[in-house]
Structure formats: structure tokens, C-alpha cells
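Engineer: with the sequence up front, the predicted model follows.
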Amino acid sequence: NAGVMQNPRHLVRRRGQEARLRCSPMKGHSHVYWYRQLPEEGLKFMVYLQKENIIDESGMPKERFSAEFPKEGPSILRIQQVVRGDSAAYFCASSPRGVLANTGELFFGEGSRLTVL
Amino acid sequence: QKEVEQDPGPLSVPEGAIVSLNCTYSNSAFQYFMWYRQYSRKGPELLMYTYSSGNKEDGRFTAQVDKSSKYISLFIRDSQPSDSATYLCAMSVYGQNFVFGPGTRLSVLP
């Protein structure tokens, strides 16, 4: 399966704990996007990364959230000191092309569902 | 006013019907317009992509963009039960920061 792989699919955390969500893009894709989806709401852009670079983090909360896409290994979305409002589905998407060349072909993973107790 | 608005539905139609799904938006700078389909508990998958105004057809699906009205549509002909899903419109200025609508839930009844 050469699709976008996200893990874990489901994650339960207690308030104050840390959540780490991983995303391996499709083979050959070097652009990764993270989105958050709440029930009955659309996907909300969080961050756009290329290898070792954060290109756009305008949708990322200023505190407790961070993202990285190292030279080797998956992209990681990290949420520190989780609160109940962080409960959501977090989707990762990858694309083979970047800004201006992207034709909307975002390939999404199946999401990681975070539940904060 | 939200940047992208979409009727959440649910929309129920009989098999074989023509379905019309719509989005309106407020940012006149949007140039790239997409429709994604999302099955329950799955990630979205791209259905149609359109640049600027005009129509695009792909099989049973037709996408229309009217930039003057800030209005986009997706038409599904001869709808099938397998089309039952949530349909998300998405748009972008530079093909980078995609803004998604909240989605319309469609049920095609056999």
C-alpha cells in the first residue's frame, strides 16, 4: 500500500498528557499538510511542511502544538498538555508538488482520531 | 461570514437522480477549486479539480465554477448508492493553503 499512512488511528489521552501523531507521505511526495476535522465542520488547515522546513503554520494554535517533517522518517504533529477541545480527527495529506504547481491533488490518510478524557 | 459556506444536508435522493451540490465563498482571490468525497471514517479523496471559472466533466461528475458569483457546483448524474458520502468543496489562492467547506452529507437511496 503506497498511500498516506497515519498512526495511530485512534489515540486516547487524559488532560495534560502529550499526543504524537505520525504521518508517512506517499512515496515520492515531499509536501505534507495537516488538517483538523471536528464533527459537522470542515477540514481546518493547520500546517504545511516540506522536508526539514515549515512553510506555512498559519492555522496552527500558537501554544501547545508543533509539527515537524525531518529529513528521515515521518512527519509528526505534537500536541502538548492536551485539553478536551483538542479531541478531533487529524488528517495528514501529501502532494508531489508545492506552491503554484499544486493542482489540488492532496492525497489524504485515513486520519488519527484523538479523544481527550 | 465564513470563508466557504456549504449546506450541510443531509441530502437524500433516489437512485438515478441528478444531484446538485453547491458552495459559496467570500474570497475573490481563490483560483483553484476542488471537490473531495469523504466516506465515513475515511480520509477525503479528490473528485474534481478546476482552475478559475468554467466547467469540467469527468464521467458522471460535472464541476462548475462561477467566479463572478463566487459560487461553485458539483453535479452527479445517475446517482448510485455508492455515491453516498460527504462531499467537501475546497479552494485555494496559490494551491497551498486549501480552505474546505463543512461538507454536504449525501444519501442515495436504492
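Structural biologist: Sure, I can see it. Residues are numbered from 1 along each chain as shown, chains lettered A, B, ... in the order given.

Engineer: for A:Glu68, grab the count of nearby residues.
Structural biologist: When counting by other C-beta atoms under 10 Å in any protein chain shown, one arrives at 16 neighbours for A:Glu68. Bear in mind the C-beta positions are built from the backbone N, C-alpha and C, glycine included.

Engineer: ok, the spatially closest residue to it that is not a sequence neighbour - contacts?
Structural biologist: Using C-beta to C-beta, 6 or more residues apart in numbering or on different chains and skipping residues adjacent in sequence, the residue nearest A:Glu68 is A:Ile76, 5.4 Å away. Applying C-beta atoms under 8 Å, 6 or more residues apart in numbering or on different chains, we find A:Ile76 in contact with A:Arg20, A:Leu21, A:Arg22, A:Cys23, A:Ala67, A:Glu68, A:Phe69.

Engineer: what strands flank whichever strand or helix holds A:Ile76, and is each parallel or antiparallel?
Structural biologist: In this assignment (DSSP states H and E), A:Ile76 forms part of strand A:75-79. With DSSP bridges as the test, strand A:75-79 is paired with strand A:19-24 (antiparallel), strand A:65-68 (antiparallel).

Engineer: quick check: end-to-end length of stretch B:84-102?
Structural biologist: In stretch B:84-102, first residue to last residue: 16 Å (C-alpha to C-alpha, to the nearest Å).

Engineer: stretch A:70-87 too?
Structural biologist: Start-to-end span of stretch A:70-87 (C-alpha to C-alpha) is 26 Å.

Engineer: same check, this time on stretch A:4-21
Structural biologist: End-to-end distance (C-alpha to C-alpha), stretch A:4-21: 13 Å.
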